[in-house]
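Peer 1: 3D, please:
(chains A and B)
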Amino acid sequence: MSFSETDVQNALKNLIDPNTKKDFVSGKSVKNVKISGSDVALDIQLGYPAKSVWDEIRSMVETHLKAALPGVGKVSVSVSSKVVPHAVQRGVKLVEGVKNIIAVASGKGGVGKSTTAVNLALALAAEGARVGVLDADIYGPSQPTMLGISGQPKSVDGKSLEPMMNHGLQAMSIGFMIDGEDTPMVWRGPMVTQALDQLLHQTRWDNLDYLVVDLPPGTGDIQLSLAQKVPVTGAVIVTTPQDIALMDARKGLKMFEKVGIKIVGIVENMSTHICSKCGHEEHIFGAGGGAKMCADYNVEFLGSLPLDIRIREQTDSGNPTVAADPDGSIARVYKQIARRIAVKVAEMAQDHSAAFPKIVVQNT
Amino acid sequence: MSEQPTEIKLHQQSRLLEITFSDDVCYKLPFEYLRVYSPSADVSGHGPGQEVLQIGKRNVGITELVPVGSYALQINFDDGHDTGLYTWEYLYKLGKNQAELWQDYLDRLAAAGASREPLPGSKK
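Peer 2: Numbering: from 1, shown residues only, chains lettered A, B, ... in the order given. From the prediction side, this is the model:
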């Protein structure tokens, strides 16, 4: 019994990818369909990194085809991931070596942006992507501590900086360049934006699929610079469930809307506290705040993380949760959120409808 | 969400900025009109009543169009003015209300006894 490629495509139109929530054909993931006799071979190329679930997807597709194509012989599927660069507007300087930029912001301070940013970066890397972290908090850089990196970045050509490395991530922070942990950056706005520009453009990022930018709290100079000078693919907003944090998170979200940066979704941090002694779970900062904000603004709720002493201990020691305990329950949540972010980023990268218009200069 | 432009054409000879928006509307905005209605705080001030009347801009030219993020256009004029960030929303408004806004400018110019002609010896 032989089949045509159309039969295979039709069969796969009925199989939904659990990560994208779309079928594999609409998601443009089906490639290289080869039919020889009654044997079928094809490649599934996911637009997002998903190394930890490739096997799961492979067996899901193989099982589905065996059931959908009666009398089929051997079915061999190979799964891989290819991250697509963000369609960037003409004229805006592409950051060399970076395919997609994901900003992690909040509005409010102390909600866990840096912790979330670093763990999401590690989660994306664990799924097979090449990831970098840009610490955009010039006044209070946290990434050197969280990634356990010390020392100063080197320069091979006297003009650019080599990113620092640890846990498989490339990183850059003003923290690498100041002597002494307690040296404050007592700078006015223009110097800060200049510093951010240099950290971003003068670092020799090496072929990154994603650059995660850890923003400082607020809606000021640094956020504006990022929005105006750099092609940000999307922003993730981190908040805690309490009203005070949500009020600021809403401002952060509105700011991104004003400057035309898409919101990938909202992460609710410190959703519950689980007592390390008796296991009692409590919504100490309130419940449902993140979900309500998502409903109000029609953005996606990416996930929630607990207030857990381990998360804090691990980042303080320079070994964040996803690196320290990659198979633990908390790392699993980070990885789920990271996969969802990658899927949305892939969709945004392919969506040209909001790309910057063509500019033509004529002597007419 | 405001309209997004799909194409921007700068006509250097006729001094018109032609913008086509996603709702298929197309506006042709004269350079002088854009210049005197620049959203820069230098021109619009920081609130109503603080506007600075721009005069002598009849022959102003545009030297460069710089994209700002994905939400605005920075227009660099040949008289040195380059601090106006024209958002799509603002450009759409300028296009839609061109007749009234331009007349309003001409009225204010007359009230101030000023002219569109470039001042002698000025940087245009």
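Peer 1: hey, let's count contacts and neighbours off CA atoms from now on
Peer 2: Noted.
Peer 1: Which residue comes closest to residue 68 once chain neighbours are left out?
Peer 2: Just so you know, I chose chain A. Distances taken as C-alpha to C-alpha, 6 or more residues apart in numbering or on different chains place residue A:11 nearest to residue A:68, at 6.0 Å, with adjacent residues excluded.
Peer 1: that's the other chain; I wanted chain B
Peer 2: residue A:228 (4.9 Å).
Peer 1: number of nearby residues for the one you found?
Peer 2: Residue A:228 has 20 neighbours, counted by other C-alpha atoms under 10 Å in any protein chain shown.
Peer 1: Count the neighbours of the residue nearest to residue A:68 for me.
Peer 2: Residues near residue A:11, counting by other C-alpha under 10 Å, number 19.
Peer 1: wait, what's in contact with it?
Peer 2: A:64-65, A:68-69 (C-alpha atoms under 8 Å, 6 or more residues apart in numbering or on different chains).
Peer 1: Run through the residues that contact the residue in chain B that chain A sits nearest to.
Peer 2: Relative to chain A, the nearest point of chain B is residue B:69 (4.0 Å; C-alpha to the nearest C-alpha). Listed by C-alpha under 8 Å, 6+ apart, the contact set of residue B:69 reads A:92, A:227-231, A:259-260.
Peer 1: In space, what's closest to it - neighbours in sequence excluded?
Peer 2: residue A:228 (4.0 Å).
Peer 1: Hmm, that neighbour is touching residue B:73, no?
Peer 2: No: Residue A:228 is beyond contact range of residue B:73, at 10.2 Å (criterion: C-alpha atoms under 8 Å).
Peer 1: Residue A:213 pairs with what?
Peer 2: Following DSSP bridges, residue A:213 is listed with bridge partners residue A:103, residue A:134.
Peer 1: Can you give me the pLDDT of residue 96?
Peer 2: Using chain A. Listed pLDDT for residue A:96 reads 87.
Peer 1: Chain B, not that one
Peer 2: 96.
Peer 1: wait, what's in contact with the nearest residue to it once chain neighbours are set aside?
Peer 2: Taking C-alpha to C-alpha, 6+ apart, and ignoring the residues beside it in sequence, residue B:96 has residue B:27 as its nearest neighbour in space, at 7.8 Å. Residue B:27 sits next to B:17-20, B:95-96 when contact means C-alpha under 8 Å, 6+ apart.
Peer 1: if we can go back for a sec, could you pull up the mean pLDDT of the one helix or strand the residue nearest to residue A:68 maps to?
Peer 2: Element membership for residue A:11 (DSSP states H and E) is helix A:5-13. The average pLDDT for helix A:5-13 rounds to 90.
Peer 1: One more: stretch A:306-315?
Peer 2: Averaged over stretch A:306-315, pLDDT sits at 93.
Peer 1: Stretch A:202-210 too?
Peer 2: The average of the pLDDT scores along stretch A:202-210 is 95.
Peer 1: Just the terminal-to-terminal distance for it.
Peer 2: Terminal residues of stretch A:202-210 lie 17 Å apart, using C-alpha to C-alpha, to the nearest Å.
Peer 1: can you redo the contacts of residue A:11 as a markdown table with neighbour count and secondary structure?
Peer 2: Formatted as a markdown table, the contacts of residue A:11 follow (neighbours: other C-alpha atoms under 10 Å in any protein chain shown; DSSP: H, G, I helix; E, B strand; the rest coil):
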| residue | neighbour count | secondary structure |
| --- | --- | --- |
| A:64 | 15 | helix |
| A:65 | 22 | helix |
| A:68 | 16 | helix |
| A:69 | 17 | coil |
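Peer 1: circling back to that earlier point, how close does the residue nearest to residue B:96 sit to residue B:7?
Peer 2: According to C-alpha to C-alpha, residue B:27 and residue B:7 sit 11 Å apart.
Peer 1: so how many other residues sit close to residue 61?
Peer 2: If you meant another chain, say so; for now it's chain A. Neighbour count for residue A:61, taken as other C-alpha under 10 Å: 25.
Peer 1: To clarify, I was referring to chain B.
Peer 2: Residue B:61 has 20 nearby residues by other C-alpha under 10 Å.
Peer 1: show me what contacts it?
Peer 2: B:12, B:15, B:31-32, B:77-79 are the contacts of residue B:61 under C-alpha under 8 Å, 6+ apart.
Peer 1: likewise residue A:65?
Peer 2: Residue A:65 sits next to A:8, A:11-12, A:75 when contact means C-alpha under 8 Å, 6+ apart.
Peer 1: and which of those is nearest to chain B?
Peer 2: Distance to chain B across the contacts of residue A:65 (C-alpha to the nearest C-alpha) is lowest for residue A:12, with 34.4 Å.
Peer 1: what's stretch A:206-213 in contact with?
Peer 2: Residues outside stretch A:206-213 that contact it (C-alpha under 8 Å, 6+ apart) are A:83-85, A:97-104, A:117, A:121, A:129-136.
Peer 1: Could you check the pLDDT of residue 121?
Peer 2: You didn't say which chain, so I picked chain A. 97.
Peer 1: ah, I was thinking of chain B
Peer 2: Reported pLDDT for residue B:121: 73.
Peer 1: Tell me where the chain has helices.
Peer 2: All of this is about chain A. A:5-13, A:54-68, A:113-126, A:143-147, A:189-201, A:221-229, A:243-258, A:289-297, A:309-316, A:321-324, A:329-350 (DSSP state H).
Peer 1: actually chain B
Peer 2: B:31-36, B:41-44, B:88-96, B:98-111.
Peer 1: want to throw the ones you listed into TSV with mean neighbour count?
Peer 2: Below are the helices of chain B laid out as TSV (neighbours: other C-alpha atoms under 10 Å in any protein chain shown):
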stretch	mean neighbour count
helix B:31-36	22
helix B:41-44	17
helix B:88-96	18
helix B:98-111	14
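Peer 1: looking at those, which is closest to residue A:40?
Peer 2: Shortest distance between residue A:40 and these, using C-alpha to C-alpha, is found for helix B:88-96: 50.5 Å.
Peer 1: what's the angle from that closest one to helix B:98-111?
Peer 2: Following axes from the mean of the first three to the mean of the last three C-alpha atoms, to 10 degrees, one obtains 80 degrees for the angle between helix B:88-96 and helix B:98-111.
Peer 1: how far out from the middle of the chain is helix B:88-96?
Peer 2: Chain-centre distance of helix B:88-96: 10 Å, with C-alpha atoms, centre = their mean, to the nearest Å.
Peer 1: just checking, what packs against it?
Peer 2: Counting contacts by 3 or more C-alpha pairs under 8 Å, 6 or more residues apart in numbering or on different chains; DSSP states H and E, helix B:88-96 is packed against strand B:26-30.
Peer 1: again, only using 7 Å
Peer 2: Applying 3 or more C-alpha pairs under 7 Å, 6 or more residues apart in numbering or on different chains; DSSP states H and E, we find helix B:88-96 packed against no helix or strand.
Peer 1: Give me the contact list for it.
Peer 2: For helix B:88-96, contacts defined as C-alpha atoms under 7 Å, 6 or more residues apart in numbering or on different chains pick out B:2-5, B:27, B:29, B:71-72.
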